[in-house]
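> Task: produce atomic coordinates for the following.
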Amino acid sequence: MDIPSIGLGTFRLRDASNAALVVDAALDVGYRLIDTAQVYANERCVGEAISRAKFRLGLTRKDVFLTTKDLVLIHWPGTSKRRLSLPNSENRLAAWAALEQLHSERKVRFIGVSNYAPLHLRELLASAPRVPPFINQIELHPLCFNAARETIAICHENNIKIQAYSSLGEGVLVDASIRDFDFMDEIVARYCGVSRAQLLLRWAVQHRFYVIPKASNEARLRENFNIMSFEISNQAEYKNSEQSGKQSKCRKKCINLYLVDKDMETLDSITTTGGFSHRKFCWDPSTVT
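Alright, predicted model coming up:
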């Protein structure tokens, strides 16, 4: 089974009234995956919004994929923030066995992991689980892409879906006041009317990652959702501007032949050839043994 490529992340949507408005708007826009967690303290608001959508939009419960209901994740590979703990490995496997039991009892449709690094994935796969992990939810954006290549490879080789959180680098990659990333505006200019946020989300989707960006208003929700109308180039070639339609009109200088750059490759390699340091904005699970 597949799931929607784009979902709504609800981390930090703790205010009940605001969370309800955001989820209502997201369902109106077309979102059909909502990422929740017990620790977010907003599950009641999410549930009430889905109930309202039944009458407003004709949606049924089956129309909306919910993390914590349809999918249950092991949120972290260790005990809280403790990095080194002898019981961690034993606890991880015991937790997975508990999820497998829930799955066998049909109390949950899918089970998965979150923040699992190569060590944790190999450990789980080596245990010959009765139910393999459906998904691995990890921090993923161009600034940590190269460091995550091994994790990505293991997931793809074992048919584990990758769901990316913090796709915008905690907002750093879309902050126009941070001049380090002005080069992204040159890429954005090659695609008609897209934003940096849309570029980053589209980059993730083209890598076969699923995304769950947060948003606090309908305009942002629509912006994040509408990323399927363009494709980021990954080959350098010359195209005739007369045949390029709207795209050529968005360029600052219209010429008969223009170069389409390897934009996917540029975003992939900003921590290797772009001169930017590898950076994660959330906890680093690779330090957990």
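
> In the protein, mark out all the helices, start to finish.
Counting by DSSP state H, the chain has helices at residues 16-29, 43-56, 87-104, 118-126, 149-157, 183-188, 196-206, 218-225, 246-249, 263-268.

> Using PDB, write down the CA coordinates of the third one.
As requested, the backbone C-alpha atoms of helix 87-104 are provided in PDB (Å, rounded to 0.1, in the frame of the first residue of the first chain):
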ATOM      1  CA  PRO A  87      19.400  -1.800  27.600                       C
ATOM      2  CA  ASN A  88      18.800   0.300  24.500                       C
ATOM      3  CA  SER A  89      19.200  -2.600  22.000                       C
ATOM      4  CA  GLU A  90      17.200  -5.000  24.100                       C
ATOM      5  CA  ASN A  91      14.500  -2.400  24.600                       C
ATOM      6  CA  ARG A  92      14.300  -1.600  20.800                       C
ATOM      7  CA  LEU A  93      13.700  -5.200  19.900                       C
ATOM      8  CA  ALA A  94      11.200  -5.600  22.700                       C
ATOM      9  CA  ALA A  95       9.300  -2.500  21.600                       C
ATOM     10  CA  TRP A  96       9.200  -3.800  18.100                       C
ATOM     11  CA  ALA A  97       7.900  -7.200  19.300                       C
ATOM     12  CA  ALA A  98       5.100  -5.300  21.100                       C
ATOM     13  CA  LEU A  99       4.200  -3.400  17.900                       C
ATOM     14  CA  GLU A 100       4.100  -6.700  16.000                       C
ATOM     15  CA  GLN A 101       1.700  -8.100  18.500                       C
ATOM     16  CA  LEU A 102      -0.600  -5.000  18.000                       C
ATOM     17  CA  HIS A 103      -0.300  -5.600  14.200                       C
ATOM     18  CA  SER A 104      -1.200  -9.300  14.500                       C
END
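
> could you say what helices and strands that helix packs with?
If contacts are counted by 3 or more Cβ pairs under 8 Å, 6 or more residues apart in numbering; DSSP states H and E, helix 87-104 sits against strand 71-74, strand 110-114, helix 118-126. Any C-beta I mention is one placed from the backbone N, CA and C, and that applies to glycine too.

> In it, which residues are buried?
Under the neighbour-count criterion of 16 or more other Cβ atoms under 10 Å, helix 87-104 has Asn88, Ser89, Arg92, Trp96, Leu99, His103 buried.
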